[in-house]
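1. I would like the atomic coordinates for the input below:
(one chain, ligands or ions: 1)
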Amino acid sequence: MNIKILEKSDTKMRFILEKANPAFANALRRVAKNEVPTMAIEYVDFEENTSGMFDELVAHRLGLVPLTFDTAVYNLKSECKCGGKGCSRCEVTLVLEKQGPCVVKSGDMKSTDNSVQPADKDIPIIELLENQRMKFEAVAQLGLGTEHIKWQASNVGYQYVPTVKVNAEKADPKIADICPAHVFEKKDDRVKVVAEDKCILCMRCVEVSEGVSVSADDTSFIFNIESVSGLTVKEILNKSLDILEERSQELAESVKKSVK
Ligand SMILES: [Zn+2]
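-> Have a look, this model is predicted:
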């Protein structure tokens, strides 16, 4: 198996996974989405809240703010040496104190650890009117998307790599207008393929015209992955592959023990 990068930034990546199979592609998708630990607020202790919104609603919004963190420092509470009681390796405190009129934003929270910060500082939390006050202490911890959506690491989708062939003599030029992915280009009443990799396999062109064939390769996958957490896409992919490797090793050891 290998990958070919098509587009890449810190938060988004598009790549082709080659020489794989649907089972592996789906395993990678599920792990990258929901099983990579990410940081989110779990408890909020309100000292003051005279805003128009209940504590619970504000706490819910705070939970959904993606937080960055140092992957080498923090552990899941269930795997931490403190036994889940809470220590500097599994918990971090963020505090906020604001008085209206203002809009409280994610970036207004002060973290006790520099590595733990809102991934986006401009997420609006609540609007405080004249003299309304908000003061709280929040505790963030690592968690998994399988427990709660606030810990989801990324959005991931994939499709088979398409092969699109056109017989210019037979193909109806209107497929260039029908195709929602703009795979074809029309010129002098003839049509040609200009962006094969953009094809979403909807088959609309095949339905309306002769001389077009679309097929899919089930050993190559175009992946789209977008981080929705404080991790970069590279960190998410690396961690996903580590998790898959760990599980395979666990299984291999279990097989060695039980099948003699
Ligand atoms: Zn701990």
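
2. Report the contact partners of the closest residue to the ion within the stretch 151-260 of the chain.
-> The nearest approach of the stretch 151-260 of the chain to the ion comes at W151, 16.9 Å away (CB to the ion). C-beta: built from backbone N, CA, C; applies to glycine. Residues near W151 by CB atoms under 8 Å, 6 or more residues apart in numbering: P37, T38, A40, L142, G143, L144, G145, S229.

3. For the ion, see how far away the closest residue to it other than its chain neighbours is.
-> Counting by CB to CB, 6 or more residues apart in numbering, W151 lies nearest to G143, which is 3.8 Å off, once chain neighbours are set aside. Remark: distance between G143 and the ion (CB to the ion, to the nearest Å) = 14 Å.

4. list the contacts for L64?
-> By CB under 8 Å, 6+ apart, the contact list for L64 reads A40, I149, K150.

5. got it, and F46?
-> Contacts of F46 by CB under 8 Å, 6+ apart are D55, V58, A59, M134, K135, F136.

6. The third one touches V44, doesn't it?
-> Think A59. Yes. The criterion here is CB atoms under 8 Å, and A59 meets it with V44 at 4.2 Å.

7. Looking at these two, which is more packed in?
-> V44 (21 against 18; other CB atoms under 10 Å).

8. List the buried residues of stretch 47-66.
-> For stretch 47-66, a neighbour-count test (16 or more other CB atoms under 10 Å) marks N49, S51, M53, V58, A59, R61, L62, G63, V65, P66 as buried.

9. Oh, that last question was meant for stretch 156-165, not what I typed.
-> Within stretch 156-165, the residues scored as buried using 16+ other CB under 10 Å are V156, Y158, Y160, V161, P162, V164.

10. Which strand residues bridge the first one?
-> According to DSSP bridges, the partner residues bridging V156 are I225.

11. any idea which residue sits dead centre in this structure?
-> Geometric centre of the chain, nearest residue: S154, 1.0 Å, by CA atoms, centre = their mean.

12. mind checking how far it is from K165?
-> 34 Å (CB to CB, to the nearest Å).

13. re earlier: spell out which two among the contacts of F46 are the most distant pair, please.
-> Farthest pair in the contacts of F46 (CB to CB) is A59 and K135. Separation: 13.6 Å.

14. Wait, the residue nearest to W151 touches A40, no?
-> Yes. The criterion here is CB under 8 Å, and G143 meets it with A40 at 6.2 Å.

15. Quick check: neighbours shared by the two?
-> Contacts common to G143 and A40, judged by CB under 8 Å, 6+ apart, are K150, W151.

16. now the strands: where do they sit in the protein?
-> Under the criterion DSSP state E, the chain contains strands at 2-8, 12-18, 38-49, 91-99, 102-105, 110-111, 124-128, 133-143, 154-166, 184-187, 190-193, 212-227.

17. Now do stretch 11-25, average pLDDT.
-> Throughout stretch 11-25, pLDDT has a mean value of 94.

18. Would you map out the domains in the chain?
-> For the chain, automatic domain parsing gives the domain ranges 2-34+155-224, 38-150.

19. Check those for me: which has the lowest mean pLDDT.
-> Comparing mean pLDDT across those, the weakest is domain 2-34+155-224, with a mean of 92.

20. mind checking the end-to-end distance for that one?
-> 16 Å (CA to CA, to the nearest Å).

21. what distance separates it from the centre of its chain?
-> Relative to the centre of its chain, domain 2-34+155-224 is centred 21 Å away, using CA atoms, centre = their mean, to the nearest Å.

22. Near the ion, which residues of the chain are found?
-> C80, C82, C87, R89, C90 (CB under 5 Å from the ion).

23. Got phi/psi on the third one?
-> Pointing back at C87 there. Backbone geometry at C87, expressed as degrees, to the nearest 10, gives phi -150, psi -180.

24. for N75, same thing?
-> Main-chain dihedrals, N75, degrees, to the nearest 10: phi -120, psi 160.
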